[in-house]
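Chemist: Turn this into a structure:
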Amino acid sequence: MNPRGLDALVIGAGVSGLTTAVYLAEAGMRVTIWAAEPPDRTTSYAAGAMWGSYHVEPIDRVRVWGARTLEVLRQLAIDPRTGVRLVSGIEASRKAVDPPEWGSQLDGFRMCEADELPEGFTAGWRYTAPILDMPVYLGYLRRRLEAAGGNVEVRRIDSLDEAAGLASVVVNCTGLGARDLVPDPDLTPIRGQLVVVENPGITEFFSEDTGDSPSLLHFYPQGQTVVLGGTAEPGEWSREADPDIAEAIVARCAEIEPRLRGARVIEHRVGLRPTRPYVRLEEQEFAGARMIHNYGHGGAGVSLSVGCAAEVHRKILQG
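Modeler: Numbering: from 1, shown residues only. This is a model prediction of the structure:
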């Protein structure tokens, strides 16, 4: 037996690490998470976050992971303590575009009539999707983990070799940290900044299809608050909120929803999306044990989290 008596050591406490640890612990495995930072300091905490398919590959596997996650998030939305809610709204584009191929998976999906769209927009679609209050959701996952006998240890490591011999399986959910730990030079950050404001009465989301622009436009109601976004800045490493960017985010959102103009700012959030050409979910031999990598989800970590955790569990069962 390994000295800690662990079946699995999960490294990383973002949504991927927590979800994976929960799945393994609830399956009866003895699980601990090592994390350089607690869940409320991760990129996952800074996420918007709405289920969606966000330009990640490989598309065939992403479809499976996303569908599984969507199914579970719909179930969790029944309980407000999870931080998951089903919210209706519109995604729109200022130019003619085809509807997304994932639209058929979402409740109430339909194309918008012209009079439903904000001025200047050409096409759009309405649907209902899970929106997550990430501080609440991460707390919910941590409680589930602890109830199943697992725990989170804040422990920064300089090499994955430090995990050798401590568990039968090591699961690498370190996100952008895998760039140095693996090492994986294919990983790059895409910086995202959000503004959280007091909700002036908004009940529906809005999201613009901005293509490859670094300036995003979306707002997601979270009950008493609204999360406004955002940015997608490749190669930017700063986790400090930029006041000029924050002001521009609020201004963009207020053009669509004037009630947001002057809304009291509660919080600024910045996260670094761990992006690579393909999500890495694969196994390799590691110091006489097994290592399963589960990272590189870009801006789709929440949307793929359950499906990827379930695949990690399957790999472990298959031996």
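Chemist: so where do the strands sit in the chain?
Modeler: Secondary structure of the chain (DSSP state E): strands at 6-11, 31-35, 84-93, 107-111, 123-132, 151-154, 167-172, 188-198, 205-208, 215-221, 225-231, 233-234, 265-286, 289-297.
Chemist: Output those strands in a markdown table, with distance to Leu317 and mean pLDDT appended to each entry.
Modeler: Heads up, the C-betas are built off the backbone N, CA and C, glycines and all. Output for these, formatted as a markdown table (distance: least, C-beta to C-beta, whole Å; pLDDT from 0 to 100):
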| stretch | distance to Leu317 | mean pLDDT |
| --- | --- | --- |
| strand 6-11 | 12 | 97 |
| strand 31-35 | 15 | 98 |
| strand 84-93 | 27 | 98 |
| strand 107-111 | 32 | 97 |
| strand 123-132 | 27 | 97 |
| strand 151-154 | 23 | 98 |
| strand 167-172 | 11 | 96 |
| strand 188-198 | 33 | 98 |
| strand 205-208 | 37 | 97 |
| strand 215-221 | 36 | 97 |
| strand 225-231 | 37 | 97 |
| strand 233-234 | 37 | 97 |
| strand 265-286 | 12 | 96 |
| strand 289-297 | 12 | 96 |
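Chemist: Mind checking those strands for the one nearest to Glu240?
Modeler: strand 265-286 (6.7 Å; C-beta to C-beta).
Chemist: Who are the packing partners of the closest one?
Modeler: Counting contacts by 3 or more C-beta pairs under 8 Å, 6 or more residues apart in numbering; DSSP states H and E, strand 265-286 is packed against helix 59-76, helix 178-181, strand 188-198, helix 243-256, strand 289-297, helix 301-318.
Chemist: which stretch among those comes nearest Leu132?
Modeler: Using C-beta to C-beta, the nearest of the helices and strands packed on strand 265-286 to Leu132 is helix 301-318, at 6.1 Å.
Chemist: quick one: that closest one to chain centroid distance?
Modeler: Counting by C-alpha atoms, centre = their mean, to the nearest Å, helix 301-318 is centred 14 Å from the centre of its parent chain.
Chemist: Same question for stretch 241-259.
Modeler: Using C-alpha atoms, centre = their mean, the offset of stretch 241-259 from its chain centre is 22 Å.
Chemist: returning to that earlier point: make TSV from the helices and strands packed on strand 265-286 and add mean neighbour count to it.
Modeler: Formatted as TSV, the helices and strands packed on strand 265-286 follow (neighbours: other C-beta atoms under 10 Å):
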stretch	mean neighbour count
helix 59-76	17
helix 178-181	19
strand 188-198	21
helix 243-256	17
strand 289-297	24
helix 301-318	22
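Chemist: Identify whichever of those lies nearest to Thr225.
Modeler: Closest approach to Thr225 among the helices and strands packed on strand 265-286 (C-beta to C-beta): strand 188-198, 5.3 Å.
Chemist: partner strands of that closest one, parallel or antiparallel?
Modeler: In the sheet, strand 188-198 lines up against strand 225-231 (antiparallel), strand 233-234 (antiparallel), strand 265-286 (antiparallel) (DSSP bridges).
Chemist: Most tightly packed of the ones you listed?
Modeler: The highest average neighbour count among those, using mean count of other C-beta atoms under 10 Å, belongs to strand 225-231 at a mean of 24.
Chemist: re the thing from before, out of the helices and strands packed on strand 265-286, the one nearest Gly120 is which?
Modeler: The stretch from those with the least distance to Gly120 (C-beta to C-beta) is helix 243-256; that distance is 8.9 Å.
Chemist: The closest one packs against which elements?
Modeler: Helix 243-256 sits against strand 188-198, strand 205-208, strand 215-221, strand 225-231, strand 265-286, with contacts defined as 3+ C-beta pairs under 8 Å, 6+ apart.
Chemist: Let's see that with 6 Å instead.
Modeler: The contact analysis (3 or more C-beta pairs under 6 Å, 6 or more residues apart in numbering; DSSP states H and E) places helix 243-256 against strand 188-198.
Chemist: ok so, going back, what would the helices and strands packed on strand 265-286 look like in JSON lines with distance to Ala49?
Modeler: Listed next are the helices and strands packed on strand 265-286 as JSON lines, based on distance: least, C-beta to C-beta, whole Å:
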{"stretch": "helix 59-76", "distance to Ala49": "10"}
{"stretch": "helix 178-181", "distance to Ala49": "21"}
{"stretch": "strand 188-198", "distance to Ala49": "10"}
{"stretch": "helix 243-256", "distance to Ala49": "16"}
{"stretch": "strand 289-297", "distance to Ala49": "12"}
{"stretch": "helix 301-318", "distance to Ala49": "4"}
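Chemist: Fine by me, we can end here.
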